[in-house]
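[1] From the sequence below, what's the structure:
(3 chains)
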Amino acid sequence: MTKTITDVICPFCGTLCDDIEVTVSDDGKKLLEVANACVIGTEKFLHSQSTDRVTKPRIRQEDGSWKTISYEEAADYTAKALAKAKKPLMYGWSSTNCEAQSVGNEIAEIAKACCDNTAAVCHGTTLIAVQDIGLPTCTLGEIKNRADRIIFWGCNPAHAHPRHMSRYSIFPRGFFTGKGQMSRKMIVVDPRCTDTARMADVHLQVEQGRDYELLNALRVAFKGEWLPDVVAGIPAEKIREAADLMKSGRFGIIFFGMGVTQSLSKNHNIDIAIAVTKDLNEYTKFSIMPMRGHYNVTGSGEVFAWQFGFPYSVDLTRGFARYNPGDSSSIDLLKRGEVDMMFTIGSDPGAHFPISAVRAIAKVDSVCIDPHITPTSGVSKLHVPVAFNGVECGGNCYRMDNVPIDCRKVVEPPEGMMTDLDFLTMVCTRLKKLKGAA
Amino acid sequence: MAQPITVNLISGRTIQQGVAIESGKEKPSYRTACGIIEMDPSDLKRLGAWKNTNVKVTSDYGSVVVKAVEATQGPHPGVAFIPMGPWANSVVSDNTYSTGMPTFKGTPVKIEIAINEPVLLGVELVQRQCGVKVG
Amino acid sequence: MAEFIIKNGHVFDPVQGIKGDKKDICIKDGKIVDKVSGSAKVIDAKDKTVMAGAVEIHAHVAGPKVNLGRIYRPEDKLFSCTPTKGIERMGGGASIPTTFKTGYEYAKMGFAVAMEAAMPPLFSRHVHEEIRDTPIIDEGAFPVFGNNWFVLEYLKNQEIENTAAYCAWLLKVTKGYAIKVVNPGGTEAWGWGLNCLTVNDPVPYFDITPAEIIKGLIEANEYLGLPHSMHIHPNNLGNPGCYETTLDTLKIAAGIKPKNKFGREQVMHLTHTQFHSYGGTNWGDFESKAKEVTDFVNKNKNITIDTGNVTLDETTTMTADGPFEHHLTGLNHLKWANCDVELETAAGVVPYIYSPSISVCAIQWAIGLEIALMMKDPMRCYVTTDHPNAGPFTRYPRVYKWLMSEKARKAQIEAFKHKDKVLSQTAIGTLDREISLYELAQMTRAGPAKSLGLAAMCGGLKPGMDADVAIYNINPDKPIANPDDIEKAFSRCAAFFKSGVQVVSNGEIVNNGNKRTLWVNVKAKENPQVMRDINEKFVKYYSMTQANYEALGHHFVPNPYAIEVDATN
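    Below is the predicted model of the structure:
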């Protein structure tokens, strides 16, 4: 006999779908089938079942080979390395639950570490812009029930958030949007003709890196003022048409992604996108929302904020929390060679940082806590495999619209494997002893 | 003899990248999904390369060998796309301009044909780039 | 558990009518008791003031909009960081302190209980995570109901029983404490960029008026017999002339009698009254209507209020009154954050600087004090700053100073740039009342505890009650030489016991206590129709499934204290 577990939360992207159905064996040890999830989410659940998983911590020896050690030894190594370091960087946190993040923060406070999450290479610039100008936003259900104007700016949900359009933004029939897709107009702004752009009513194929100009042109167009014939590769007429389409809706939303946060104008792009949203509130109702990547990067920002006061890029080395992106941010710390111990959890900087920053990781004492083998584990001194959060253990996570959803455990981890929370708690206890903390 | 060409490089997610990172970054499927550069047909022509040719991509920040494939979400002449991952990150601009955020999108790169050079596996690529001794 | 005896202190306890007499307070097993054994630890409170732990009836201290404030205001941490110190975790933030700092600051001032004033139900799990990380003080949270689609639909058809059943369900799944109403109907209208500015403006599509929502929720509240009453932030907050809307709102409570077993006597609690007591037609002829509002409340015993005192600080405003924050950003042009919440509510956040050089801010300051000084019964008027909206809660000692000392008020009026305007537009210059320590104990302890339905548990020092005891460095036998001494004494307790554990000594945290989450567990009659409606809304309109909606489990509410209500009869 098998069991089917409903209302399971998918621990992949910030869409945090919570309608997944997972079939497990009667003893709860084998995960057999996944329904409702996208192809990525399905793979995430199924991969936990692969037989070639690393199930015990391993430490790199002088000759470069791995030696298997116990979790206790791994926790000892980690606590000692943290205690010894002058400026440890505790990075990641976006693929683990809020309880683990909370213990991690306690560790960071004792170790006087720098703490950062994957917003560093994702929506960090969004957070800077929000600190400049604010953020009119809403929950995803508001989009489903009210929105008749959907703008995807520099994001490609068809690939990065595969169920976003069907669950929240384009297709669902909500309270005031009974005709589903027919109730909505869709605008996509992207330098490529992406699979999302192909679905749009209007695709503005902006010149790469010219988003600021185009957003500025929209602000001009709202007011009906003069525009040059072409801005950022888009003819003025097309800009005016898009502006009118935005103004004429009853409830609109701009979703934006890495296309604007990672290109040259960075936070300034977001700044003006939010200004566009504010402008539109003079004519109708409009919101804006970052398409957060990791399923709990939002939660990491929330926990950092309520415990330390800042959402990412936090420097605790002076005994109180400082925040200064560019100075206290991971990439910059690594590039300047200031980090003398690297602690990675729930993310893969080895794959997702520019190579110059990864080289800095490879030079120092390093611990990588991750269920997978990754480029980060590949350059780390200690690899601590853990249970898959959201599959083999539960815990709270925050969706891209900041809505908290408690993940579910659906299957037992391989025998003897620890969770993030278990391992961090062990490290915390040891570190307190080493540092004589209260 | 084909000449190297210069294009504007961007990186980002693809659904194949998403599936590959969840099925194991040490596996060849990760290389298949992300060890590629998506180029507009006109740029491939300019380079004088057939589809599925290995090319060397070089920027001010590094170089990497990937397989040139035809753009799946084009046309985008002058713009090339490497899915998010260590191959892209071997060449993207690491400048943060004091924002904390590297410039992952919009790095000028040179592309040249490198038909005899292999595309490395993900973990292996990073280890080599970092000079990590592997036992 | 340890025993304590607090000797020689001057005790102020409205619950027992003790007005500064010297009396020993005995503590055993977390409760106040008649006597303790000889092994009890003796605490000498000679020449000091002893009161019950204070009770915060309305503050925004945990949850999504508070944290949005923290996230988007790094500048709030600029001069307010506190390093790790002994058992104290590091903290930061002036108007929106981190959770650890929030707990410590309340405890250092002698607070035992704080109520988070607006919990968006969809975000209850977030609110509870922050409450969990706020040490020492007991906390509850009020879910917001005034723009909830279930409530709007049921009340449109005058279905009080269904409304009550829904309220009971929501309190249970969100671990909520009371029925909170913010800008009834107006926040739903904000979904379309609109608002309801009077109690008679119809809500778009739902075709119901704020007056109907208010009345219906009072009735549902009394139908269930909840410990607290319907707690309202009325329509038209913060606008010149808004006092008329406030009076219209208060009138809705006329003739409704409280029905509960908790000793609560009101059916409506009007919060941050200062923001709702404005006359005039614009910011030029802006004036106080504190007298009109307090006159009405003085006459109607079924209403309690809190003040919402402006503290003249830079702060961060935040409210579920979404349209108001949009209006405010238009006035001060500071950064605007907003979050609309599906089927339920919205919230906005805007920083604000209450400058003593701006006449409107100075008049707001005066109105808040007038309200407290004009209210005849201190058991029905509680001191708040609507933290952080009118000022941070850490400024309570300064507000007490202004209330207790005419001299301090006069000094502040003198310091205003537009002193004459303050005197001409308000009656603050004519009020010579000085709140006594006994009255202060009523306004900050016994009063709010009674209004919240917690009179048997906290707010007093009667044997059997929780041993929340604060000792302050004030000698009531001596005249106060300098009003600033009042502020200083209330800023840092000499000692504070929370549930029988000494958590503060000489103003420093010595123990992280045993924090509890207070919530109201209503046993209601089975109502299959409401259960069906809930199921249907989740299937069709929510963006998450019903099975994932509840705040369930140890990591959200590790130490619950449920107040049981039987509404089956």
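
[2] Kindly indicate whether C:Ala165 is helix, strand or coil.
    Assigned state for C:Ala165: helix (three-state reduction, DSSP: H, G, I helix; E, B strand; the rest coil).

[3] Count the neighbours of the closest residue in space to it that isn't next to it in sequence for me.
    Closest residue in space to C:Ala165, ignoring its immediate chain neighbours: C:Asn527 at 3.8 Å, by CB to CB, 6 or more residues apart in numbering or on different chains. All C-beta spots, glycine's among them, are computed from the backbone N, C-alpha and C. Using other CB atoms under 10 Å in any protein chain shown, C:Asn527 is surrounded by 17 other residues.

[4] now A:Ala236
    A:Ala236 has 16 nearby residues by other CB under 10 Å.

[5] for B:Ser59, same thing?
    Neighbours of B:Ser59 using other CB under 10 Å come to 17.

[6] Then the one 10 residues further on?
    When counting by other CB under 10 Å, one arrives at 15 neighbours for B:Val69.

[7] quick check, it in a strand?
    Yes: assessed with three-state DSSP, B:Val69 lies in a strand.

[8] Next, find the distance separating it from chain A.
    Distance, B:Val69 to chain A, by CB to the nearest CB, to the nearest Å: 14 Å.

[9] And the pLDDT at that residue?
    Listed pLDDT for B:Val69 reads 97.

[10] One more: the one 5 residues further on?
    At B:Gly74 the predicted local distance difference test score is 90.

[11] What number of residues are in the vicinity of it?
    18.

[12] contacting residues for the nearest residue to it once chain neighbours are set aside?
    For B:Gly74, ignoring the flanking residues on the chain, the nearest one in space by CB to CB, 6+ apart is B:Asp40 at 5.2 Å. Listed by CB atoms under 8 Å, 6 or more residues apart in numbering or on different chains, the contact set of B:Asp40 reads B:Ala71, B:Gly74, B:Pro75, B:His76, B:Pro77, B:Gly78, B:Val79, B:Ala80.

[13] Most neighbours among the residues you listed, which one is it?
    When neighbours are taken as other CB under 10 Å, the top entry among those is B:Ala80 (27 neighbours).

[14] what's around B:Ser42, how many residues?
    The number of residues packed near B:Ser42 is 14, by other CB under 10 Å.

[15] same question, the one 10 residues further on
    Close neighbours of B:Asn52, defined as other CB under 10 Å, add up to 10.

[16] Same question for C:Lys41.
    Neighbour tally, C:Lys41, other CB under 10 Å: 12.

[17] now the one 5 residues further on
    Other residues within reach of C:Lys46 by the criterion other CB under 10 Å amount to 10.

[18] That one belongs to a strand, doesn't it?
    No: secondary structure of C:Lys46 (three-state DSSP): coil, not part of a strand.

[19] wait, isn't it in contact with C:His10?
    No: contact criterion CB atoms under 8 Å: C:Lys46 and C:His10 do not qualify, at 9.3 Å.

[20] what's the spacing between the residue in chain C sticking out farthest from the centre and chain B?
    For chain C, the residue at maximal distance from the C-alpha centroid (CA atoms, centre = their mean) is C:Gly38, at 39.7 Å. Remark: distance between C:Gly38 and chain B (CB to the nearest CB) = 63 Å.

[21] any idea whether that residue is helix, strand or coil?
    coil.

[22] residue ranges for the helices of chain B, please.
    B:15-23, B:28-34, B:41-47, B:86-89, B:122-130 (DSSP state H).

[23] mind listing what the spatially closest residue to A:Cys98 that is not a sequence neighbour touches?
    The shortest distance from A:Cys98 to any residue other than its chain neighbours is 4.4 Å, reached at A:Asn396 (CB to CB, 6+ apart). Contacts for A:Asn396 were tallied using CB under 8 Å, 6+ apart; they are A:Asn97, A:Cys98, A:Glu99, A:Gly299, A:Pro404, A:Ile405, A:Asp406, A:Cys407, C:Arg125, C:Glu129, C:His555, C:Phe556.

[24] run the last query once more with 6 Å
    A:Asn396 makes contact with A:Asn97, A:Cys98, A:Pro404, A:Asp406, according to CB atoms under 6 Å, 6 or more residues apart in numbering or on different chains.

[25] Out of these, the closest to chain C would be?
    Chain C has its nearest neighbour among the contacts of A:Asn396 in A:Pro404, at 4.1 Å by CB to the nearest CB.

[26] Tell me the bridge partners for the closest one.
    Beta bridges link A:Pro404 to A:Tyr398, judged by DSSP bridges.

[27] And it, what's its pLDDT?
    With respect to pLDDT, A:Pro404 has a value of 98.

[28] same question, A:Ala437
    With respect to pLDDT, A:Ala437 has a value of 73.

[29] which residues does the spatially most central residue of chain C contact?
    Closest to where the C-alpha atoms of chain C average out (CA atoms, centre = their mean) is C:His58, at 0.8 Å. Contact analysis of C:His58 by CB under 6 Å, 6+ apart lists C:Ala117, C:Thr271, C:Asp306, C:Thr384.

[30] does the third one really touch C:His269, like I thought?
    No: assessed by CB atoms under 6 Å, C:Asp306 is found out of contact with C:His269, at 7.4 Å.

[31] between the two, who's got more neighbours?
    Of the pair C:Asp306 and C:His269, C:Asp306 is the one with more neighbours under other CB under 10 Å, namely 30 against 26.

[32] From C:His276, how far off is the more buried one?
    11 Å (CB to CB, to the nearest Å).

[33] circling back to that earlier point, same question for the helix or strand hosting the residue nearest to A:Cys98, mean pLDDT?
    Element membership of A:Asn396 [criterion: DSSP states H and E] is strand A:395-398. Average pLDDT, strand A:395-398: 97.

[34] what's around the residue in the stretch 51-200 of chain A that chain B sits nearest to, how many residues?
    Proximity of the stretch 51-200 of chain A to chain B (CB to the nearest CB) peaks at A:Ser65, 2.6 Å away. Neighbour count for A:Ser65, taken as other CB under 10 Å: 12.

[35] Provide a list of residues in contact with residue 68.
    Going with chain A. Going by CB under 6 Å, 6+ apart, A:Thr68 touches A:Lys56, A:Arg58.

[36] was after chain B, sorry
    Contacts of B:Ala68 (CB under 6 Å, 6+ apart): B:Ile37, B:Met39, B:Ala49, B:Thr53, B:Val55.
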